[in-house]
Each structure stands twice: as C-alpha cells, then as structure tokens.
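> Predicted coordinates and the sequence they were generated for:
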Amino acid sequence: MILTVTPNPAVDWTVTTDDFAFDAVNVASSSTREASGKGINVSVALQRNGVRTLALFPAGGGTGVFMAEQLAAMGVAALAVPSGAEVRTNITLRVPGHSGTKINEQGAPLGEELAQRLLDAVRSALVGALERHDGVVTLALCGSLPPGTPEWFHPALVGLGRELGAAVVVDASGEVLRRALPAGPGLVKPNVHELAAETGRPLATVGDVVSAARELLGRGAGAVLASLGADGMVYVDAECALHGKASAVSVLNTVGAGDASLAGFLAARAGGAAPAECLASAILYASSAVGHATTLFDVDPALRERITVTAEPEAGLELSEPAQP
C-alpha cells in the first residue's frame with residue numbers, strides 16, 4: 001500500500017482557449033476542475049492503474065467536499081483531515097502552441113495543531129497498513145508546504161515512516177527537502193532545476209546530474225530519482241546510476257508529468273521490480289501522462305518500446321534543458 005501525504009492540496013482548474021490576448025475578453029473553449037496536489041495526483045495515477053493507495057490531506061469547506069466527492073467518484077481511497085479552511089485553487093491556462101501556464105494559490109496556513117493531527121493520522125494509517133500486511137508499505141510526502149507549517153513537520157514524518165518500517169519518499173524542493181534530508185528518506189525526487197538549486201551547482205550534462213544526486217546521498221537520501229524534462233530521468237543509489245529516456249512521445253500537456261513519473265516508479269517498486277525497471281515504469285507513466293489534456297491518464301503499454309534505460313550513463317551527454325542554481 002502506498003500512502004501519499006499532500007499538506008497543500010488543490011483544486012486544479014484547467015481552462016483552454018483557442019487563442020489568448022492580454023487586456024481583452026478571452027472565451028474558454030473548455031474548462032475542467034479536478035481534485036489535485038502532488039500526492040493526490042500520485043494516488044489517482046496509482047489507483048487508475050491498479051495499485052492500492054490512500055491519499056491523506058487537510059481540507060475543509062465546500063472545496064473540501066468537492067475533493068472528497070471527486071476522489072470517491074474515481075475510486076481513490078482518501079482521508080481528509082478537517083482543516084476548517086477552503087482548499088486552494090490552482091489555475092492552468094492552455095493556449096495552442098504552449099504547454100500550459102499556471103497560477104497557484106499559496107494555500108491555507110498549516111499551524112502546529114493541524115500539523116500534529118496530520119502526523120497522528122499518518123501514524124494511524126501506517127500502523128493499520130502494516131498490521132494488515134499490505135505488501136511493501138510506502139509513505140510518500142509530496143509537494144509544497146502552506147504558510148505557517150512548523151519546521152519539525154517533514155523531519156517528523158520521515159522519522160515516523162522509518163520508525164514504523166515504511167519506505168519513505170520525499171517529492172519536494174527547497175527548504176522542505178533541506179529539512180527532510182537529515183532524517184534519512186529512502187528516496188527523494190527533485191527535478192533538474194530543484195537539484196541544481198539544492199546542490200548549488202550548474203547542471204549541464206547527465207554526468208553533472210549523477211554527481212549532484214550523489215551529493216544528496218551523502219546528505220541523507222537513500223536514493224535520488226531526478227526528472228530531466230525532455231532529457232528523461234536519472235536514478236542514483238549507493239549501488240548504481242541509471243539514465244532513462246523515451247523517444248517520439250507526443251506532448252499535449254506537461255502538468256502533472258512529474259507526479260505521474262513518481263507513481264510509475266512506486267508502482268513498479270511495489271511489485272518488487274529492480275531499479276532499472278522502476279525507472280522505465282516511471283518514464284512510461286510520464287510519457288503516457290503528457291499525451292492527455294488533463295492530469296487524468298491511463299498507461300499506454302505501447303510506449304514501453306520507446307523507452308531505453310542505460311546502466312552506465314554517458315557522463316558528457318549534454319542536457320537540452322541545463323539548470324542553474
């Protein structure tokens with residue numbers, strides 16, 4: 001069972017227009033609203049593809065009801081910890097010729113009392129899963145933190161997962177990642193820009209990414225799964241370094257592709273796959289996701305033949321999207 005924790009959930013509002021102009025009235029050709037947030041997106045992707053999951057998040061008000069109803073309609077098991085505050089709305093504007101422009105709200109404050117209740121809810125969910133012997137139990141801590149979140153929150157969650165014997169994953173950046181690393185998460189998942197910012201070094205080649213990932217291993221991470229955009233993904237742990245990439249993938253919408261890749265990695269790992277196959281699964285999920293207009297997608301098995309995973313990454317291979325700290 002994979003438990004995702006999303007401290008800062010969102011209602012994703014995607015608006016599509018045939019064209020767009022500033023200082024003018026623009027008419028939407030379509031509009032959708034979905035329950036979202038990084039961990040929730042991971043749980044939705046897992047559920048749609050047959051992997052048992054539970055999405056845990058704070059929510060309140062009418063938007064909280066909307067989130068619960070949306071997830072229930074999709075068959076996603078969810079636990080909303082009452083927050084007394086509306087869930088934020090994130091807007092994605094899709095215009096032909098552009099991959100998507102986002103406007104994200106910050107989210108309602110997450111103070112000491114609510115943070116503790118979230119921690120207690122995670123403990124209860126993990127203990128229940130472990131007592132039921134739900135296979136490999138994974139705790140995935142995903143996304144940004146809302147204002148007012150205590151500094152102890154992520155280190156305490158990582159420590160709790162390790163204490164109970166769960167595999168702990170952190171998909172976050174900046175100060176959140178920095179706080180979590182010393183607690184020893186089993187896997188962290190930055191993108192190339194987040195990895196550059198965290199290590200304070202420019203990343204221009206695959207070799208640079210592998211070197212930066214190894215720095216995070218030295219700071220407490222058990223493994224690093226780094227998204228490189230069009231250049232694929234890199235996985236590094238104490239025993240191996242892998243580079244995977246897909247070719248000839250049709251891209252319609254990149255929003256949520258990172259969440260899809262984490263879902264793919266965790267789905268394969270839950271089935272006992274080795275790191276190379278987990279990386280291939282991550283790229284398969286992401287490649288399937290970018291071909292859809294929204295974050296909802298089903299894995300396209302035909303894409304698997306377009307994915308290659310290299311056990312000895314070409315260190316000098318230049319990134320098409322280099323990153324600066």
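Cool, the structure landed.

> element containing the residue nearest to the spatial centre of the chain, please.
By Cα atoms, centre = their mean, the chain has its centre lying nearest to Asp259, at 3.4 Å. Asp259 is located in helix 257-270, with elements delineated by DSSP states H and E.

> And the pLDDT for the residue nearest to the centre of the chain?
At Asp259, the pLDDT value in this model is 94.

> distance of it from Phe297?
11 Å (Cβ to Cβ, to the nearest Å). Yep, even glycine has a C-beta here, placed from its N, CA and C like the rest.

> The longest helix seen in the chain: what's the following helix or strand?
Assignment by DSSP state H gives helix 112-131 as the longest helix of the chain. Sequence-wise, the next helix or strand downstream of helix 112-131 (DSSP H and E) is strand 138-142.

> What segments of the stretch 101-250 of the chain are helices?
112-131, 153-164, 174-180, 192-199, 206-218 (DSSP state H, counting those that start in this stretch).

> Measure how the last one sits relative to helix 192-199, angle-wise.
On the basis of axes from the mean of the first three to the mean of the last three Cα atoms, to 10 degrees, helix 206-218 is oriented at 50 degrees to helix 192-199.

> Any buried residues in helix 206-218, and which?
Neighbour counts over helix 206-218 (16 or more other Cβ atoms under 10 Å) mark Val206, Gly207, Asp208, Val209, Val210, Ser211, Ala212, Ala213, Arg214, Leu216, Leu217 as buried.

> swap in the shortest one?
By neighbour count with 16+ other Cβ under 10 Å, helix 174-180 contains the buried residues Val176, Leu177, Arg179, Ala180.

> Between helix 153-164 and the longest helix of the chain, find me the angle.
20 degrees.

> angle of helix 112-131 against strand 138-142?
Using the same axes, to 10 degrees, helix 112-131 lies at 150 degrees relative to strand 138-142.

> which strands and helices sit next to helix 112-131?
strand 2-5, strand 53-60, strand 78-86, helix 153-164 (3 or more Cβ pairs under 8 Å, 6 or more residues apart in numbering; DSSP states H and E).

> Those into TSV, with extra columns for distance to Gly186?
What follows is those, written out as TSV (distance: least, Cβ to Cβ, whole Å):
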stretch	distance to Gly186
strand 2-5	13
strand 53-60	17
strand 78-86	22
helix 153-164	8
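
> Make TSV from those and add distance to Thr310 and mean neighbour count to it.
Output for those, formatted as TSV (distance: least, Cβ to Cβ, whole Å; neighbours: other Cβ atoms under 10 Å):
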stretch	distance to Thr310	mean neighbour count
strand 2-5	27	30
strand 53-60	30	25
strand 78-86	38	18
helix 153-164	30	20
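
> Between those, which one is closest to Glu112.
helix 153-164 (9.3 Å; Cβ to Cβ).

> show me the contacts for Gln47.
Thr53, Met74, Gly75, Val76, Ala77 (Cβ atoms under 8 Å, 6 or more residues apart in numbering).

> Just the buried residues of those.
Buried among the contacts of Gln47 by 16+ other Cβ under 10 Å: Thr53, Val76, Ala77.

> got the contact list for the last one?
Each residue near Ala77 by Cβ under 8 Å, 6+ apart is listed here: Ser43, Gln47, Arg52, Thr53, Leu54, Ala55, Leu71.

> same thing with the first one?
With contacts taken as Cβ under 8 Å, 6+ apart, Thr53 has the following neighbours: Met1, Ile2, Leu3, Thr4, Val42, Ser43, Leu46, Gln47, Val76, Ala77.

> and with 6 Å instead?
Thr53 makes contacts with Ile2, Ser43, Leu46, Gln47, as judged by Cβ atoms under 6 Å, 6 or more residues apart in numbering.

> Among the residues you listed, which one sits closest to Leu118?
Ser43 (15.7 Å).

> Identify the residue nearest Ser250 in space, chain neighbours excluded?
Nearest non-adjacent residue to Ser250, counting by Cβ to Cβ, 6 or more residues apart in numbering: Gly291, 5.2 Å away.

> returning to that earlier point: what residues sit buried inside the longest helix of the chain?
Buried residues in helix 112-131 (16+ other Cβ under 10 Å): Leu114, Ala115, Leu118, Leu119, Ala121, Val122, Ala125, Leu126, Ala129.

> Val15 should be in a strand, yeah?
Yes: per DSSP: H, G, I helix; E, B strand; the rest coil, Val15 lies within a strand segment.

> That concludes my questions; thank you for your assistance.
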